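In: here is a sequence with its predicted model. Questions after.
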Amino acid sequence: MVFRRSSRQDRVQHALAAAVYEGDRRARERVERWWAAGGDDREKVWRGAWFLLSAASFRFGNHEQPARVAPVLEFLLEPDPTSTYRPQVRLTACLPQTAADPPSGVYLGDPYVQRIVEAAVGFPDEGLRQRLADLLAGTDQPGLLDALEVAVRPYARPGHRFIGTAPAGRDARQDMWLGEQGALLRIVLANPELPRPPADPGDVDLALLAVLKQRPDLLPAFDQGALAGRLVEYAGTDLPEDALDLCRHALRGFTSPKAVAVVCDQAVLGNPEAAAAARDAGYRSAWTSGLLLLTRQFDAYREHDPDGRVLQLACALDKPEIREDTVVGLVLALLDTDPPEDVAAAVRRSLRDLGAGTGDSMQDLRRLWMRRGVLARAVKLEPEAVAAVVDAGYLPEDDERALLPLLFLTEQFDRYDREDPDGTKLRAALAERRHPYEHEHFRTVAERNGRDDPWPPYEPPPERYRSGVHVTTWPSSMGGGGHSFGGYP
């Protein structure tokens, strides 16, 4: 049998293991000598340390062996005056310049930089965890800074809200402040090298660090449209008050047309922070009449839309993110807030002038979609929508089954009685398709007008659907006892 001599990397790794795990003095001397020699010798010690960390499942969930990870980390945290980064320890002397995971790290001993950050917020040994946190809070090593930015990104993005964790009236991103995330936040807030100018202007997640650390000078380096959308979101959370002030100030100071458009769109869609920013900054958009109306700038609206064409002007927009149905809902909601009489009259004129156009242009399609929006709200008994449908004579154009329910719910009984004198057609239509409607609405209209409720009575399902036997392909529910398979005993 031929025995192959172990490689130099294996010998270095074995010596390092003996030094850190067994306290072998001679092995330790050899490791120190190789480290001091630099070059290839140091590289083999460095890779050997990461081989040992991988073997101990460093930051690999429940598989991690903290008792075998800790001695290796202690070794890497020992001083090294040759390191060009803060603090001068072995770890910062050899780490790469980015946090990207190496494609063959497990096999070649390349470091996983991101796991250092994970250990700083979650390693079981409290003392070692704090040492790593202190290192990250003061380091200028580019790979570690990159790893910190990577760790922050998920908590900077729109995500779940947590009810009851914010002051009344606020919408919280409390997951940024709790548990391990709170420890991460303390590290990045303490590090003097963060935030950095973004390498990619579209990396708007990093704007959170600029907001939290009061660095408005970095905000122009981000894509301005994406930044505006993110700042609108942040302004509605319970970030610290100084961070909220920075967001609001930045929202009022945009000069980029793309950023102004984003703020105006969010204002039109009802975001209160965006509406306040648009009012204070005097922003104007492609749909200025709608912006002025929906942000309650009524004096300016009167000047800009004296003829009450706000919805017609919206039909000329090239903004697919602002849906016609949404616009109709916002305008109807405004009428429910008692605006000045002349403003309300102008808006009502616009609601009643959405009739069919002369062709199949995009503007005609948008008018159709707006009419559908008004009709949909009329059958839900929204008073302004009902009045607009009756006054303008809007009717469903592509669904004959919807005509009789609409006539009944909007109380157009002269025509309804001509179409369905005994009510049988409406009951048949509702029996066939109830899902767009609510029984309560029909009952309300019927009681108000002394009419019979047209809603068809409940009909039980056919006998074949009410069998007591339940058979599926799941063994526990077959044959009642879980002993049959595929429906067969």
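Out: Arrived safely.
In: what about residue 400, neighbour count?
Out: Neighbour count of residue 400, defined by other C-beta atoms under 10 Å: 10. Every C-beta, even on glycine, is put in place using the N, C-alpha and C of the backbone.
In: er, residue 184 I mean
Out: Residue 184: 22 neighbours (other C-beta under 10 Å).
In: could you do residue 62 as well?
Out: 5.
In: please report how far it lies from residue 454.
Out: 62 Å (C-beta to C-beta, to the nearest Å).
In: any stretches of the stretch 51-200 of the chain with poor pLDDT?
Out: 104-107, 158-181 (pLDDT under 70).
In: burial check on the residue nearest to residue 46 when sequence neighbours are not counted, number of neighbours?
Out: Excluding the flanking residues, the one nearest residue 46 by C-beta to C-beta, 6 or more residues apart in numbering is residue 94, at 4.7 Å. Using other C-beta under 10 Å, residue 94 has 22 neighbouring residues.
In: check contacts around residue 94.
Out: Contact partners of residue 94, counting by C-beta atoms under 8 Å, 6 or more residues apart in numbering, are 42, 43, 46, 111.
In: OK, contacts around the second one?
Out: Translated: residue 43. residue 94.
In: give the buried residues for the helix or strand hosting it.
Out: Assessed by DSSP states H and E, residue 43 sits inside helix 39-55. Judged by neighbour count (16 or more other C-beta atoms under 10 Å), helix 39-55 contains these buried residues: 41-42, 44-54.
In: ok, stretch 307-324 next?
Out: 308, 309, 310, 311, 312, 313, 314, 315, 317, 322, 324.
In: and residue 50, how close does it get to residue 261?
Out: Distance from residue 50 to residue 261, by C-beta to C-beta: 49 Å.
In: typo on my end, it should be residue 369
Out: Taken as C-beta to C-beta, the span from residue 369 to residue 261 is 22 Å.
In: out of those two, which sits in the busier spot?
Out: residue 261 (19 against 16).
In: the more buried one sits in which helix or strand?
Out: Going by DSSP H and E, residue 261 is in helix 257-268.
In: neighbouring contacts of that helix?
Out: So helix 257-268 is in contact with 224-225, 227-229, 232, 251, 254, 274-275, 277-279, 281, 283-287, 290-291, 294-295, 319, 321-322, 327, 330, going by C-beta under 8 Å, 6+ apart.
In: show the buried residues in these.
Out: 224-225, 227-229, 232, 251, 254, 274-275, 277-279, 283, 285-287, 290-291, 294-295, 322, 327, 330.
In: show me the contacts for residue 118.
Out: 59, 151.
In: where does it sit: helix, strand or coil?
Out: helix (DSSP: H, G, I helix; E, B strand; the rest coil).
In: residue 21 reaches residue 68, doesn't it?
Out: Yes - in this structure, residue 21 is within contact of residue 68 by C-beta atoms under 8 Å, at 7.1 Å.
In: between the two, which one's more packed in?
Out: residue 68 (17 against 14).
In: hmm, that one is touching residue 51, no?
Out: No - using C-beta under 8 Å, residue 68 makes no contact with residue 51, being 12.0 Å away.
In: what stretches of the stretch 301-450 of the chain score poorly on pLDDT?
Out: Judged by pLDDT under 70, the stretches of the stretch 301-450 of the chain that qualify are 357-359.
In: stretch 446-461: which residues count as buried?
Out: 454, 455.
In: give me the domain ranges for this structure.
Out: 1-161+170-194, 197-285, 293-394, 409-458, 462-489 (automatic domain parsing).
In: columns distance to residue 400 on top of those domains, output as JSON lines?
Out: Formatted as JSON lines, the domains of the chain follow (distance: least, C-beta to C-beta, whole Å):
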{"stretch": "domain 1-161+170-194", "distance to residue 400": "43"}
{"stretch": "domain 197-285", "distance to residue 400": "34"}
{"stretch": "domain 293-394", "distance to residue 400": "14"}
{"stretch": "domain 409-458", "distance to residue 400": "9"}
{"stretch": "domain 462-489", "distance to residue 400": "28"}
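In: now do the strands in this structure.
Out: With DSSP state E, there are no strands along the chain.
In: contacting residues around the closest residue in space to residue 439 that isn't next to it in sequence?
Out: Distances taken as C-beta to C-beta, 6+ apart put residue 455 closest to residue 439, at 4.8 Å, once the chain neighbours are dropped. Residues counted as contacts of residue 455 (C-beta under 8 Å, 6+ apart) are 427, 430, 439, 442, 443.
In: distance of the last one relative to residue 98?
Out: In this case it means residue 443. For residue 443 relative to residue 98 (C-beta to C-beta), the value is 66 Å.
In: got it, and the third one?
Out: Applying C-beta to C-beta, one obtains 62 Å for the distance of residue 439 from residue 98.
In: do residue 148 as well
Out: 12 Å.
In: do you know how far residue 108 is from residue 239?
Out: In terms of C-beta to C-beta, residue 108 sits 42 Å off from residue 239.
In: do the same with residue 250
Out: If you go by C-beta to C-beta, the gap between residue 250 and residue 239 works out to 13 Å.
In: list residues touching both of those two?
Out: Counting by C-beta under 8 Å, 6+ apart, nothing touches both residue 250 and residue 239.
In: one step back: report the two of the buried residues of stretch 307-324 separated the most.
Out: Maximum pairwise distance in the buried residues of stretch 307-324, criterion C-beta to C-beta, is 19.6 Å, between 308 and 322.
In: what segments of the stretch 101-250 of the chain are helices?
Out: With DSSP state H, counting those that start in this stretch as the criterion, the stretch 101-250 of the chain has helices at 105-108, 114-122, 126-138, 142-156, 179-190, 207-212, 224-235, 241-251.
In: list the buried ones in the third one?
Out: What that stands for is helix 126-138. For helix 126-138, by 16+ other C-beta under 10 Å, it's 128, 129, 131, 132, 133, 135, 136, 137.
In: how near is the first one to residue 43?
Out: Between residue 128 and residue 43 the distance, using C-beta to C-beta, works out to 25 Å.
In: what sits up against stretch 184-203?
Out: Counting by C-beta under 8 Å, 6+ apart, 117, 120-121, 133, 136-140, 145, 148-149, 151-152, 155, 176-177, 206, 209-210, 212-213, 215, 218, 221-223, 226 sit against stretch 184-203.
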